[in-house]
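> Starting from these lines, generate the structure:
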Amino acid sequence: MKKENPLTKVTRKVAFGAAAIVVLAGSTILTGCKKEAKTQPDIAGIERLSKTEVAAQSYQSGTHNGFFWSLWKSDGATGTVNYANGPGGNYSVNWNGFNGNFTCGKGYSVGSASYKIGYNLGIYSNSGGGTFGWYGWSRNPYYEYYVNETWGAVSPHTGTYLGTFESDGAGYNVWTRWVTGKNIDGGDGFRQIYSSRVTKVTTGQNRVITFANHYNKWSSLGYTLGQLNIPAIMVAETWGTNTNGNINCTIWAQ
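All right, here's what the predicted structure looks like:
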């Protein structure tokens, strides 16, 4: 969650909301100024987005092995980003010399308060800001929500601290803040609410996020999410200048 300038996320907010109705059977390439798209075959269960694809298109989404996926880059971002959908709920992303903000991940085409997500974070390195965890939006009211499992070189803790609680055997700090930028539908203003692990997760372990625990905790504090008919993903995010990183994650339904 980049905190310096929320307005840089406007493109992602609007595109992410529309993504629930976008289904791509394979990887779609847009090159130069051309509007034509072509589909590449899925090879050995891995759907790759090349440097050229990422540079040409700031937002992509689709379905892969029954999961929704998305990749977004801020306007004007530069550097190398390589995203790949692996078998089942697996995805990976690596980047080098990246300037700007990007998010990507796998999840579901609509959110739900009752999701229980299993995951294994196989690799995690991130020299910039940004988080890894369960992420999505709600409408009426507008919330951008995170369950932060780990993060990069910059702490995501900002705004008003609301206390600590326990979920799935781990302690989480709860924070919220009001953002004056554009919400997911292009209107003015939205609230961020997020739970951040007291201790960052380590890699290579099977873990669980019981989202209902976070939803109910936020609600008990007076912050009840609205309609969750918007995609929700296990997000990998970074922002900053000349950032580098490598993430590999697999998710599944518990």
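
> C-alpha from now on. contacts and neighbour counts both.
OK.

> From what I see, residue 144 and residue 175 are in contact.
No. Residue 144 is beyond contact range of residue 175, at 12.0 Å (criterion: CA atoms under 8 Å).

> Can you pull the residues that touch both of the two?
residue 193 (CA atoms under 8 Å, 6 or more residues apart in numbering).

> Name the residues linked to residue 116 by a beta bridge.
residue 210 (DSSP bridges).

> got a list of what it touches?
Counting by CA under 8 Å, 6+ apart, residue 116 makes contact with 208, 209, 210, 211, 212, 253, 254.

> So the second one versus residue 188, what's the distance?
Residue 209 sits 31 Å away from residue 188, going by CA to CA, to the nearest Å.

> Between the two, which is the more surrounded one?
residue 209 (20 against 12; other CA atoms under 10 Å).

> How many residues are close by the closest residue to that one other than its chain neighbours?
The shortest distance from residue 209 to any non-neighbouring residue, by CA to CA, 6 or more residues apart in numbering, is to residue 117 (5.2 Å). By the criterion of other CA under 10 Å, residue 117 has 17 neighbours.

> Check the one 5 residues further on too.
Residue 122 has 16 neighbouring residues, counting by other CA under 10 Å.

> Residue 248 is in contact with that one, correct?
Yes. Counting by CA under 8 Å, residue 122 touches residue 248, with 5.4 Å between them.

> now the longest strand anywhere in the chain, how far from the centre of its chain.
Identified as the longest strand of the chain according to DSSP state E is strand 232-253. A distance of 7 Å separates the centroid of the chain from that of strand 232-253, by CA atoms, centre = their mean, to the nearest Å.
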